[in-house]
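Q: The amino acid sequence is not available; the structure is as follows:
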């Protein structure tokens, strides 16, 4: 179908964008448009005003600030995919981005758009939670920062208030030598994931895990960190039975069910893919003695 | 014909306005200037009209096909500022100042087929042809960026396109053949 009628606005600056959002009732931000445009064409949403962020100065780009990587909300997924900085510092994100849609949609789609849209099967929110990303938000009452775990509230529901806008995402890289893996299952490459698993592991010189992050995407309404699974690995050298125990914790997460993918199947996949992702992340660790 | 609202005013004077009568009189519109297949155009366009409809209805460039209108089928794929994009997922007004290229730009100056287009003909890379314009735009981008793609890379590029006729095999063969011919010509 065609989108319902709306008024289109193309502000040039952040201030102008924020003023428009306050002044215009029932408005939506338009980022890369790879989710919002289908929703408009399906008439699942019918805003009176679209505020296009594509011409707003300073919202795109990847930079290093105080040993953190800051990604502007309007940074295209294709730029992330080919960024040497992301590949070197955030290999988990670089690996996950290949699973996002197709090359043709990554040319337009943005990291900020995906984080705010919060599709439960989306890869970027899963990585943001796995890496404890900090989100910088601008609004009519000034700036604030939120951790990803406080940002994703529910199914396609973020903590953004009316008139607020995600400006950038700050991610602190893990220590050199850490291992990470992003594993996903979809029926065809580029389809929405049924589930995905992000794993990060860091060990001491003796090969014992000192830091672990295990996150499931697509299982529940929002990405889920599985602390119980992380605890199974902390202090261990990641023996097969410890991987098994951690994966079993992932299968205990309360899962969404739908007519095509019942909850039990998501839990089974969580078990299998978590074990696979942990093994892969472990094999990618580089410790001085192990 | 309600040329007041949707008149596509082309500097070259070849644009059509055949869709104008279907637009309600209150439709908000704005004027954009863009380059389409190397030709500068200034047009008045409805704010909610997506790029694919604009190309087809206002500029009469019907090579770009409209399939699913939600970004899945890939038939509407064009180039915007040198990279592929779904033209059903962009508003025409967003392309103000942009360089847009469609399948009509692929043929050689004399009207002959491009190397990739010829390879599609040679390998029977199309049957009904509905998906072909989008696939040609994506593969032309791939062959520009990666002169030596392997089969897996070609298939990854094609994963953003649906073809219900060919089973993809002949499309893959055409892409690999075109890549080899382009390398040999270098």
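A: Ah, there it is. Owing to the predicted nature of the structure, the values given are computational and were not obtained by experimental measurement. Residues are numbered from 1 along each chain as shown, chains lettered A, B, ... in the order given.
Q: Up against chain B, what does chain A have?
A: Counting by C-beta under 8 Å from any C-beta of the partner chain, the residues of chain A close to chain B are A:1-8, A:10, A:33-34, A:37-38, A:41-42, A:50, A:52, A:54, A:78, A:101-105, A:107-108, A:188-190. The C-beta positions use only the backbone N, C-alpha and C, and glycine is treated the same way.
Q: Keep only those of these that are in strands.
A: A:7-8, A:50, A:52 (DSSP state E).
Q: quick check, nearest of the residues you listed to chain B?
A: Proximity of these to chain B (C-beta to the nearest C-beta) peaks at residue A:8, which lies at 4.0 Å.
Q: Can you tell me, leaving aside adjacent residues, what's nearest to that closest one?
A: residue B:47 (4.0 Å; C-beta to C-beta, 6 or more residues apart in numbering or on different chains).
Q: And for the one you found, the neighbour number?
A: Taking other C-beta atoms under 10 Å in any protein chain shown as the criterion, the count of residues near residue B:47 is 19.
Q: And the closest residue to residue A:154 other than its chain neighbours, how far from chain B?
A: Nearest residue to residue A:154 in three dimensions, chain neighbours excluded: residue A:221, at 5.4 Å (C-beta to C-beta, 6+ apart). Residue A:221 sits 22 Å away from chain B, going by C-beta to the nearest C-beta, to the nearest Å.
Q: hang on, residue A:221 packs against residue A:120?
A: Yes: Residue A:221 lies in contact with residue A:120 (C-beta atoms under 8 Å); the separation is 5.6 Å.
Q: joint contacts of those two?
A: Common contacts of residue A:221 and residue A:120 (C-beta atoms under 8 Å, 6 or more residues apart in numbering or on different chains): A:155, A:256.
Q: Show me what the spatially closest residue to residue A:131 that is not a sequence neighbour is bridged to.
A: In this structure, residue A:131 finds its nearest non-sequential neighbour in residue A:171, 4.9 Å apart by C-beta to C-beta, 6+ apart. Under DSSP bridges, the beta-bridge partners of residue A:171 are residue A:69.
Q: State the next helix or strand along the chain beyond the helix or strand containing residue A:229.
A: For residue A:229, the element it lies in under DSSP states H and E is helix A:227-233. Going down the chain from helix A:227-233, the next helix or strand is helix A:240-250, by DSSP H and E.
Q: elements contacting that next one?
A: Packing partners of helix A:240-250 (3 or more C-beta pairs under 8 Å, 6 or more residues apart in numbering or on different chains; DSSP states H and E): strand A:209-217, helix A:227-233, helix A:263-283.
Q: Using JSON lines, lay out the ones you listed together with mean neighbour count and mean pLDDT.
A: Rendered in JSON lines, the data for those read as follows (neighbours: other C-beta atoms under 10 Å in any protein chain shown; pLDDT from 0 to 100):
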{"stretch": "strand A:209-217", "mean neighbour count": "24", "mean pLDDT": "98"}
{"stretch": "helix A:227-233", "mean neighbour count": "20", "mean pLDDT": "98"}
{"stretch": "helix A:263-283", "mean neighbour count": "20", "mean pLDDT": "98"}
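Q: Quick check: the residue in chain A positioned nearest to chain B vs residue A:4, distance?
A: In chain A, the residue found nearest to chain B is residue A:102; the distance is 3.1 Å by C-beta to the nearest C-beta. Using C-beta to C-beta, to the nearest Å, residue A:102 is found at 27 Å from residue A:4.
Q: who's more crowded, the two?
A: Neighbour totals were compared for residue A:102 and residue A:4, and residue A:102 leads with 25 against 13 (other C-beta under 10 Å).
Q: if I read this right, the more buried one contacts residue B:155, doesn't it?
A: No: contact between residue A:102 and residue B:155 fails when scored by C-beta under 8 Å: they sit 11.6 Å apart.
Q: Which positions in chain B make contact with chain A?
A: Counting by C-beta under 8 Å from any C-beta, chain B comes close to chain A at B:24, B:27-28, B:30, B:47-50, B:53, B:69-71, B:74, B:77, B:83-86, B:88-91, B:93-94, B:96, B:138, B:141, B:156-157, B:159-160.
Q: what residue ranges in the chain score low on pLDDT?
A: Using chain A here. The model of chain A has pLDDT under 70 over residues A:287-290.
Q: ah, no, chain B please
A: Applying pLDDT under 70 to chain B flags residues B:1-25.
Q: switch to 50 and redo it
A: Where chain B drops to pLDDT under 50, the residues are B:1-21.
Q: what does the domain assignment say about it?
A: Domain segmentation of chain B under automatic domain parsing yields B:3-105, B:115-184.
Q: what sits against the residue nearest to residue A:224 when sequence neighbours are not counted?
A: Distance criterion C-beta to C-beta, 6+ apart; nearest residue to residue A:224, sequence neighbours excluded, is residue A:216 at 4.9 Å. For residue A:216, the contacting residues are A:126, A:195-197, A:223-224, A:226, A:250, A:253, A:270, A:274, by C-beta under 8 Å, 6+ apart.
Q: same deal with residue A:49?
A: Residues near residue A:49 by C-beta under 8 Å, 6+ apart: A:6-9, A:20, A:24-28.
Q: cool, residue B:68 as well?
A: B:75, B:88 are the contacts of residue B:68 under C-beta under 8 Å, 6+ apart.
Q: Which positions in stretch A:52-68 come out as buried?
A: A:52-56, A:59-60, A:62 (16 or more other C-beta atoms under 10 Å in any protein chain shown).
Q: Assign a three-state SS to the closest residue to chain A within chain B, would you?
A: Residue nearest to chain A within chain B: residue B:160 (3.1 Å; C-beta to the nearest C-beta). Here residue B:160 is coil, with the state taken from DSSP: H, G, I helix; E, B strand; the rest coil.
Q: What is the burial count for it?
A: 24.
Q: now swap in the one 4 residues further on and tell me
A: As a burial measure, residue B:164 scores 10 neighbours (other C-beta under 10 Å).
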